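*Asks:* sequence and predicted structure below; questions after.
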There are 4 protein chains.
Amino acid sequence: MAMTGVMRPGHVQLRVMDLAAASHFYGDVLGLVETGRDAQGRIYYKAWDERDHSSVVLRQADRAGLDFMGFKVRDAATLERLDSDLRAYGVATERIKAGDLLETGERVRFELPTGHQIELYAAKKQVGNGLPTLNPAPWSADAERGIAPLRLDHALLYGPHVDKVLGIFTDVLGFWLTEYVLAPDGITKAALWLSCSHKAHDVAFVMHPEPGKLHHVSFLLESWEKVLRAGDIMSMNKVQVDMGPTRHGVTRGTTIYAWDPSGNRFETFCGGSQPYPDWEPLAWDWQGFQEGGLDYPQRKLHETFLSVVT
Amino acid sequence: MAMTGVMRPGHVQLRVMDLAAASHFYGDVLGLVETGRDAQGRIYYKAWDERDHSSVVLRQADRAGLDFMGFKVRDAATLERLDSDLRAYGVATERIKAGDLLETGERVRFELPTGHQIELYAAKKQVGNGLPTLNPAPWSADAERGIAPLRLDHALLYGPHVDKVLGIFTDVLGFWLTEYVLAPDGITKAALWLSCSHKAHDVAFVMHPEPGKLHHVSFLLESWEKVLRAGDIMSMNKVQVDMGPTRHGVTRGTTIYAWDPSGNRFETFCGGSQPYPDWEPLAWDWQGFQEGGLDYPQRKLHETFLSVVT
Amino acid sequence: MAMTGVMRPGHVQLRVMDLAAASHFYGDVLGLVETGRDAQGRIYYKAWDERDHSSVVLRQADRAGLDFMGFKVRDAATLERLDSDLRAYGVATERIKAGDLLETGERVRFELPTGHQIELYAAKKQVGNGLPTLNPAPWSADAERGIAPLRLDHALLYGPHVDKVLGIFTDVLGFWLTEYVLAPDGITKAALWLSCSHKAHDVAFVMHPEPGKLHHVSFLLESWEKVLRAGDIMSMNKVQVDMGPTRHGVTRGTTIYAWDPSGNRFETFCGGSQPYPDWEPLAWDWQGFQEGGLDYPQRKLHETFLSVVT
Amino acid sequence: MAMTGVMRPGHVQLRVMDLAAASHFYGDVLGLVETGRDAQGRIYYKAWDERDHSSVVLRQADRAGLDFMGFKVRDAATLERLDSDLRAYGVATERIKAGDLLETGERVRFELPTGHQIELYAAKKQVGNGLPTLNPAPWSADAERGIAPLRLDHALLYGPHVDKVLGIFTDVLGFWLTEYVLAPDGITKAALWLSCSHKAHDVAFVMHPEPGKLHHVSFLLESWEKVLRAGDIMSMNKVQVDMGPTRHGVTRGTTIYAWDPSGNRFETFCGGSQPYPDWEPLAWDWQGFQEGGLDYPQRKLHETFLSVVT
């Protein structure tokens, strides 16, 4: 948690072009738990070990991508304070009333210079992880249904003006920079990894001409062996894999990148460093990133990394 | 990090009865990196992936145990504020001047109702983890020298008045309760796991008649396979193992408990849940804890857990 | 496979005192696949990745233990030859007609000096592992149903005259000695690990006054992580664990020992060395075995190892 | 071991174009143990857990590739018998006198229809694995020096007339077919995996117009986590990776393919199925192999698989 009270990535709303195919993918293959459908036809999911009602919301649309990403904050007072702080910083915000998303309280939304819609909210119904809170077992059958990530972990977003995003996240929202990539010019920060916890990233950004683009939404697995199992399940279900299993140099995490049926990239991620805000951010120059940042064993920047987004 | 600005367990000072034997153990077997010795003869170590100068300090003494445990806070202003908040809460504090511990700034020390000396500090020299901050590899040779934990993770402390400790950590220092054990009376919280991050615990307490006792200091490993490797290295070096490898029910972490040459218990720990402050704490009743809390596969409370402390 | 044509441990018949409880345990908790029941009421199981009809047969009885252990040989000619070789060596054999065990051909049975009934057979119906033999996936849902071992791996048998067993297995059946333990006298081989493959053991023996005793039947898992998962599932199902998870010094394998509802010990085993017949056997003197043979990290000979058998 | 007495792949002799670079790679990066140099300038290595003197021999040459691959047989009588059996089958053999390879006895050499030189031998000096044979620890420091495979595991060879190779290995040498790939014609076996043990393969062949080509020599690792570690070490040493970490569909093994400094491909391999000779071979049709045979998670046949050999 940041000192500001921003706790974690809480939800993403994804656009999918075939809701039935997406429902099969997110529910049966990725193995999220469906927790509701709303009057608009949106489907809500949570990862099995999350406590809140939902972390992934699917919306039928004619193009894929990310509608918005929301961060849960500590409480209502924190939400008010951060709204005020954002406005004071020059970021326009709007309020979305409680109940617009199922079981979710009022949200404060703003647009980043990268074109992404970001939200803060303090309230979402807690539905638990299916285990008792008295004498719980370490896991349940849900932990082995499909890929079965523990939680929504982070998202990587592509758009212009990444430099301006840094200020909003670090000056206002209390995130800190854990790693960054320098553009070939050696000066511009072309990619940012930002944390509000001691995760290697709660959100990340890459400089890109088109605004509001999604590179991937990431889901946490427990182990490198679970990453292999995720790859097996992807193959059994003919999920198109982009890259991996491998290790990122940036964050040290292990990973598979693959695409949902609409072409939204997702990641099954494990591990990663656990930095603290007093640590010096790690830097990658362009050559270093190309060689060891994305796919550490292979030492290459897969062409799709910079070109394929939704 | 707590909203108060308490970041993490930063250091422990341990009493050892044979400094040479201890130095061999902490340096060569556990595989910490020695970073200094001071005029008092104390030896300083850090885990390889820590950035700060030191996290374990050994002091020659005629009985084993923990002198103090320190938490690093965000900055000097935070230190002042927390000192003030502690005093306002009725906790007496004292100042220990910068330099008393090598490369460490001023410390605010107070005694817990359990008899433990706890410190807060904002400054310690950053010496890095031996890898460059530009284009770093994910690990270095230090990551395979001895058991080679990533960091000091937490400590479990035994003493009376555990109930009063809860208030200090949650009301003043901004920790939250992640799990607890109910005494056989079904009412008293006999054991507390407290987090200032989204680790399952940064410090924990168990009710015990004698004050100021150490159950164990814990060191983080990357994987269950590294826990096995730690057990192998312990055996190769005739380190006395108390319990494990196994999984705790509480925290879900995997573990080995063993003893240093002076009888101070340490833990090589991996994993564990990653709770957030809005999660309901997990409760263990006495029977549930006995059966599944300590050694989940074996479903037993090893006799040494309650009886052997330093 | 031995040069004699002995391929592998093929089946064990276990006595259980409550067939319903045993069926729940072997089918649902251990996660074997039930493949048949016969007119005598015996229940047949296979591990998911085995191809033959059955490897574990349960028989209701008033005391627990092992009725017999069978090894599959290459073909009918091999069976005839080995029967002849056993008789020539002075081992009395009997024939059990095809069909006495479901889907199993004629068996050649003999009693070891340790009092165990051992069988050879060449024919058992192949039922496959539930995956196609054209373009198979690496695993199926059966691989995650319960503990889900890959196969029956070996058994450890207790009885007198272990020295005489060595000759039968090595001189006649073509096994070789991979490891052994010397009794406190420093001369007698008190325990033998014997292989007909390049597994660390296909069968093992420990010197014991009572004949015909079972120490454990062992089932193979893929990884140390699966051993942890097995321990979790044991705890979830209140299976009584004897020892582990840990690593054996002998064989290097990782292990949990636990008991079925009738008190028959079983093992969930992973790894182990892969010796060849030209390798010198590894020796353990009594002190070495006590300290590092059974439970390598803990360096202790658990009291139950020598005392609890069925 | 095959019933014929063929035990295992024992050695390969590789041509390298820069012996100093190769020595650094095989000794320091792959982490084999150098065991000798001969008068011709050849360098001998063994994997740490092998007992025999050497398994990899490097010869300076002006082009990369495999000079020969040798299989160790049970004893001198077996060698004589197999020589005779090969000749009776119509395979010309020659004798290479003891001592031609350091610490190695007489070898029987023959050329396969694929153009590869294959050898059988019965004697090679046993030098042990650096651990005592009394009360050994499970591993030594050599197990963590470089990538540190346990053993030479198998090789994949490319050449014409793969169908004729099948007969020699199965009819004469006692291997059996574990898996095969059908060419696009649906009839021709275009690739063969052959075992003389219960490994998924001790040697494999792929149909290829040029004779005597090497696809890769494979080295065994203990775990999927060690495969990741191997990938890290490759990257740290700028070893060029071809593919992986990933899982093969064929054999189920986990893998990285990479190239030594001369362009000889090697594999760091783990796991794989453990078939027995009575199991039906697994078949892959051309489409099935393309989609799931080589890189199971990615479901693709990397272009280099069919085109890059030495």
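*Replies:* Yep, that arrived.
*Asks:* so what's A:Ala155 up against?
*Replies:* A:Pro9, A:Val12, A:Leu66, A:Met69, A:Val203, A:Ala204, A:Leu214, A:His215, A:His216, A:Val217, A:Ser218 (C-beta atoms under 8 Å, 6 or more residues apart in numbering or on different chains). From N, CA and C alone the C-beta is placed, and that goes for glycine too.
*Asks:* switch to 6 Å and redo it
*Replies:* A:Met69, A:Val203, A:Val217 (C-beta atoms under 6 Å, 6 or more residues apart in numbering or on different chains).
*Asks:* quick check: beta-bridge partners of it?
*Replies:* A:Val217 (DSSP bridges).
*Asks:* residues of chain A that sit close to chain D?
*Replies:* A:Trp224, A:Glu225, A:Leu228, A:Gly231, A:Met234, A:Ser235, A:Val241, A:Pro245, A:Tyr296, A:Pro297, A:Gln298, A:Arg299 (C-beta under 6 Å from any C-beta of the partner chain).
*Asks:* next one: the first one from B:Glu225, what distance?
*Replies:* This points to A:Trp224. 9 Å (C-beta to C-beta, to the nearest Å).
*Asks:* need the residues touching each of those two.
*Replies:* D:Glu225.
*Asks:* who's in contact with A:His302?
*Replies:* Contacts of A:His302 by C-beta under 6 Å, 6+ apart are A:Met243.
*Asks:* for A:Val108, same thing?
*Replies:* The neighbours of A:Val108, taking C-beta under 6 Å, 6+ apart as the test, are A:Asp83, A:Thr93, A:Leu120.
*Asks:* just the ones of the residues you listed in strands?
*Replies:* When DSSP state E defines the strands, the subset of the contacts of A:Val108 inside them is A:Thr93, A:Leu120.
*Asks:* if you rank the contacts of A:Val108 by neighbours, which is first?
*Replies:* A:Leu120 (24 neighbours; other C-beta atoms under 10 Å in any protein chain shown).
*Asks:* tell me, what's the model's pLDDT at that residue?
*Replies:* Per-residue confidence (pLDDT) for A:Leu120: 98.
*Asks:* what's the spacing between it and C:Leu30?
*Replies:* Separation of A:Leu120 from C:Leu30 (C-beta to C-beta) stands at 49 Å.
*Asks:* please convert the contacts of A:Val108 to CSV, extending it with distance to D:Ala283.
*Replies:* Shown next, in CSV, are the contacts of A:Val108 (distance: C-beta to C-beta, whole Å):
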residue, distance to D:Ala283
A:Asp83, 63
A:Thr93, 62
A:Leu120, 56
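*Asks:* out of the contacts of A:Val108, the closest to chain D would be?
*Replies:* A:Leu120 (36.3 Å; C-beta to the nearest C-beta).
*Asks:* wait, the closest one touches A:Met69, no?
*Replies:* No: the pair A:Leu120 / A:Met69 is not scored as a contact, 10.5 Å apart, by C-beta atoms under 6 Å.
*Asks:* in chain A, what residue comes closest to chain C?
*Replies:* Closest point on chain A to chain C, by C-beta to the nearest C-beta, is A:Glu225, at 4.8 Å.
*Asks:* so what's that residue closest to, chain neighbours aside?
*Replies:* C:Glu225 (4.8 Å; C-beta to C-beta, 6 or more residues apart in numbering or on different chains).
*Asks:* OK, contacts around A:Gln290?
*Replies:* Contacts of A:Gln290 by C-beta under 6 Å, 6+ apart are A:Leu301.
*Asks:* A:Met1 now?
*Replies:* Contacts of A:Met1 (C-beta under 6 Å, 6+ apart): A:Met7.
*Asks:* for it, give its distance to A:Ala61.
*Replies:* Taking C-beta to C-beta, one finds A:Met1 at 33 Å from A:Ala61.
*Asks:* so which residues on the stretch 1-150 of chain A come close to chain B?
*Replies:* Residues of the stretch 1-150 of chain A lying near chain B (C-beta under 6 Å from any C-beta): A:Met3, A:Gly5, A:Met7, A:Arg51, A:Thr133, A:Leu134, A:Asn135, A:Pro136, A:Pro138.
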